[in-house]
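Participant: build me a structure from this.
(chains A and B)
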Amino acid sequence: MTQSRRDFIKTSGALIVGFSAAAVAEPLAGERSAEASRSTQGGAGPYPDPDFRQLDSWIVVHNDNTATFYVGKTDLGQGTGTAFRQIMSDELDVAFDKTTCVMGNTDVTVDQGGSGGSDALQVDGYPMRRVAAEARRVLLDMASQRLGVPVDRLTVADAVVSVKANPSTKITYGELIGGKRFNVTLTGNNVDATTGVAKVKAVQDLKMTGQSPRRYDIPPKVDGSAKWAVDVKLPGMLHARNVKPPVAGASVIAIDESSVRSLPGFVKVVRKENYVAVVCEREEQAIAAARQLKVSWKKPEAQPFPTSEELFTHMRRAAPTSSSRPNVTGNLEAALGSAATRVEAEYEIPFQGHVAIGPAHACADPSNGQMTVYSNDMKSYGMRNGIAQFLDMPRDRVRVIWMDGPQGYGRTAADDAGFEAAFLAKELGRPVRVQWMREEETAWDTKGPAFAIKMRGGLDAGGTLVAHDYEARAADYGHLGYNEPDTVLIAQLTGRRRQTPASGSAAAPSDMYAVPNRRVATHVVSLPLVWETPLRTGNLRDPNGPQVTFASESFIDELAVAAKADPIEFRMKLFNAGTGDDSGFKRARSIACAQAAAKAYGWQSRSSPQRVGTGNILTGRGFAYAFRGQTVVAEIAEVEVNRRTGRVWVKRLVCAHDCGLVVNPEALRRTIEGAMLHAVSRALFEEVRFDSERVTSVNWATYPILTHADTPERIDVVLVNGDPNQNRADLPHYGAGEASCKPMIAAVANAIFDATGVRLRRAPFRAERVLAALKAANV
Amino acid sequence: MSAITLKVNGKPRTVDVDPRTPLLYVLRNDLDLHGPRFGCGLGQCGACTVIIDGAAVRSCITATSAVKGDITTLEGLTTNGALHPVQQAWIDEQVPACGFCQNGQILTAVALLKKTPRPTDAQIREGMANVLCRCMTYYRVQAAIKRAANGVAV
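Facilitator: Residues are numbered from 1 along each chain as shown, chains lettered A, B, ... in the order given. Modelled structure (predicted):
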């Protein structure tokens, strides 16, 4: 038996009042019948899974000849929803502005996993294009029957099918199917493989793809009309705030509820093991009560972690929890032994946080034996599954409605807040909204792991790189997955955590350098406290990429210095030393990006450092390059270093970016700019500090980030397509959300060296650290 | 609890709250104005910004009872359906990424331009310095402010 989502909403009074799913997922005003009968599969609960093998799950054509696309992705502010509308309207042959897009609501959109891995266009774009192409094929068949004209004599434009020889004979998509079901079954072993019979168009025939329609989500974000997850307000809703352990690993001895019972609006203290929350009628009451609640905590027996000053010493001394089998080419040690010049360096980069501008939040509604969670979590489907397991509810009684929210660049604390809201709503039997406070967010949000990386290299007498060794240690033991019911923070604190922590990982450099003797070795190390710790690691935008590439691309620069070579020419030699290429032509595209970046910057060939100037402001340039998946980026940073204060200003940035076929160039440019600046922030400012039992970076004063004052005065983004055959009909579209983060820290470090002759191997390059290094080098 | 009358977006609004309640929660939860957002509760980030008598004010650290002037929220910038020139510049420049902080970016820019209609780059950097954006849209925010400044009659 299936029950449509709309039917359920009609019978669930609470949901239609105030802020409802109907308001969130409304496709087009006045058009509901088709959506009400969209296909679902599954059991008896109100939220069966939309069936990805039904065309109706993806596309609804309305009576007014508009269309709504249903996609199982989330848009975190990169304009992916706009891009989906572009590629799908192109395949369907509907005008872009006659389409809308519904995303990430688990009961109305197929499970495409939400966002992650910058794969929205690279992976999910293809099933979207195929289903839109299939809808076009079906509509043409219907038109053929209605008009009595064979399909090959029909043409379609802007959702109007007409006879080629007699354009006045025509029929619209809306007339053909408006408000009705396609009832077309698709095939494919999984959602990514979803396909109909129709073939997608040659990319040269896509009209909106490659244009830059404005993002539809921006006007409501600018005029205040957007409804965000943080805005959800339900009848009878309560407000909750967590009370976190004051030191890592502390356990609750006792709670004195009388300390808050007489406060206005007090409803309940919820405690389960070490999870404590206070629930009140009003938000400010919950904040006050959570601050006032008296809890006795017992500190853990052992010191939970080293201080942030001792972190790298600890990481180097610790026995690895796991080590990868080294990836070896040639004979590294022999080549190092016979090298004319040997270079060695160690790099360190600390824990860095997501630290969303809006602390983690969610609202959950437990009415009628179901659970609806309103969340900005980028993986709404995983959250739905995880919460169903955590609460021991059938999946088809749980849904997650994805809504806009702050910064979803990986495994943020939005995961944790969603589970907390659902848990509290079930406990209270009323809708509960929970939001973390600033100090919770900054201290307890998941962290990108700290890395300590040792590198060795050898040059022959001609300055050619003949030996290259990379050995990384990452403090990543217990790395959190997404929305796991046995690792989210409330699972840890309530004692429902899994037996064995995740092993974590330490990544390898991603470059196309051909070096005859090369070794890549990685190790994971652990801090003493693994569970119930604020130093918990998870995916942070381009996970591990900025850390690894800080070391690898700084080190290539150090080798270029040793070879007295221009840093780009040195890299070109390494690209050109290879002869093969991969199926994505990554070597050819690496060369194209490096050249494009150099050209855009106006790069003059010379070695680093330049002659150090005599004034207070020293200027330098730095290059770095990497790829992520198939997306290639080459970046140049120009910096000013203040010799007296140590302040580094990244004055100019250049990025040459090849993510294959570009869907929306202007949205892409902004994504690249933001990703680069996010990484500049990590290069210059971001560091999670802690004493031996608590994180001391707890707000924007103690966890400083890039500000307006630090913004470059010029950013040039060059969109490159270095594919050797750009005219092929299946030119691929790759991901772009994260790749441009990867080389930036190294580009800044290389620019600081170029300006000052001082090599910084410990990030971030905060003024006091830079100043100390300059003084130590008598600059 | 006590009755407090505020003037918000041109209209008197009376609420019954603890007078110490930060203005932010009154605007969001009692008056359903969701432009201002909780970001830090410390006045550090600017996500909660409102304009009071022309100046950008952080509503998360402003007691409701202390507010005497006219409050404008992001919703109130639009007059008779027409966007404020700064809002239009934001759209033209396609500024927001996630957009969560943009309330503070826009309202601080409005206050900045009111005081300094033709700001220099340095004045923009200084005037906006304490309005944080985690998506790092600063470059486009600054471009939009310049765009708005050029479009606004001095």
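Participant: mind jotting down where the strands sit in chain B?
Facilitator: Remark: strands assigned in chain B by DSSP state E are B:2-8, B:11-17, B:49-52, B:55-58, B:70-72.
Participant: where does pLDDT dip in chain B?
Facilitator: B:152-154 (pLDDT under 70).
Participant: dump the strands of chain B to a markdown table, plus distance to chain A and mean neighbour count.
Facilitator: C-beta coordinates here come from the backbone N, C-alpha and C atoms, glycine included. Compiled in a markdown table, those are given as follows (distance: least, CB to the nearest CB, whole Å; neighbours: other CB atoms under 10 Å in any protein chain shown):
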| stretch | distance to chain A | mean neighbour count |
| --- | --- | --- |
| strand B:2-8 | 12 | 15 |
| strand B:11-17 | 8 | 13 |
| strand B:49-52 | 11 | 25 |
| strand B:55-58 | 12 | 20 |
| strand B:70-72 | 11 | 21 |
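Participant: turn the ones you listed into JSON lines, columns for distance to A:Asp93.
Facilitator: Shown next, in JSON lines, are the strands of chain B (distance: least, CB to CB, whole Å):
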{"stretch": "strand B:2-8", "distance to A:Asp93": "47"}
{"stretch": "strand B:11-17", "distance to A:Asp93": "47"}
{"stretch": "strand B:49-52", "distance to A:Asp93": "44"}
{"stretch": "strand B:55-58", "distance to A:Asp93": "47"}
{"stretch": "strand B:70-72", "distance to A:Asp93": "45"}
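Participant: how about B:Asp53: what's its closest non-neighbour residue?
Facilitator: Once flanking residues are discounted, B:Asp53 sits nearest to B:Gly69: 3.6 Å by CB to CB, 6 or more residues apart in numbering or on different chains.
Participant: A:Phe84 sits in which helix or strand?
Facilitator: Using DSSP states H and E, A:Phe84 maps to helix A:80-92.
Participant: that helix and chain B, are they touching?
Facilitator: No. Figure legend: helix A:80-92 not in contact with chain B (CB under 8 Å from any CB of the partner chain); closest approach 10.1 Å.
Participant: next structured bit after that helix?
Facilitator: Next helix or strand after helix A:80-92 toward the C-terminus (DSSP H and E): strand A:99-103.
Participant: run through the bridge partners of A:Arg762.
Facilitator: Residues in a beta bridge with A:Arg762, per DSSP bridges, are A:Glu348.
Participant: state the distance from it to A:Glu635.
Facilitator: According to CB to CB, to the nearest Å, A:Arg762 stands 21 Å off from A:Glu635.
Participant: ok so, going back, number of residues surrounding the residue nearest to B:Asp53?
Facilitator: B:Gly69: 13 surrounding residues under other CB atoms under 10 Å in any protein chain shown.
Participant: how close does it sit to chain A?
Facilitator: Using CB to the nearest CB, to the nearest Å, B:Gly69 is found at 20 Å from chain A.
Participant: then B:Ile106?
Facilitator: 7 Å.
Participant: got a list of what that residue touches?
Facilitator: By CB atoms under 8 Å, 6 or more residues apart in numbering or on different chains, B:Ile106 lies in contact with A:222, B:74, B:77, B:86-87, B:90.
Participant: and if we set it to 10 Å?
Facilitator: Shown in contact with B:Ile106 (CB atoms under 10 Å, 6 or more residues apart in numbering or on different chains): A:221-224, B:35, B:49, B:74, B:77, B:84, B:86-87, B:89-90, B:95-96, B:131, B:141, B:144-145, B:148.
Participant: coming back round to it: so who does the residue nearest to B:Asp53 touch?
Facilitator: Neighbours of B:Gly69 in contact, by CB under 10 Å, 6+ apart: B:6-7, B:51-55, B:57.
Participant: okay, and the beta partners of the closest residue in space to A:Thr341 that isn't next to it in sequence?
Facilitator: Once flanking residues are discounted, A:Thr341 sits nearest to A:Leu459: 4.3 Å by CB to CB, 6+ apart. A:Leu459 has these beta-bridge partners by DSSP bridges: A:Thr341, A:Leu465.
Participant: A:Leu459 against A:Arg342, yeah?
Facilitator: Yes. A:Leu459 is within contact range of A:Arg342, at 8.0 Å (criterion: CB atoms under 10 Å).
Participant: which one's more surrounded, these two?
Facilitator: A:Leu459 (21 against 13).
Participant: for the more buried one, give me its contacts.
Facilitator: A:339-343, A:465-467, A:559-560, A:562-563, A:565, A:570.
Participant: show the contacting residues for the residue nearest the centre of chain B.
Facilitator: With distances taken as CA atoms, centre = their mean, the residue of chain B nearest its centroid is B:Leu107 (3.1 Å). Contacts for B:Leu107 (CB under 10 Å, 6+ apart) come out as B:35-36, B:46, B:48-51, B:56-57, B:72-74, B:76-77, B:84, B:86, B:131.
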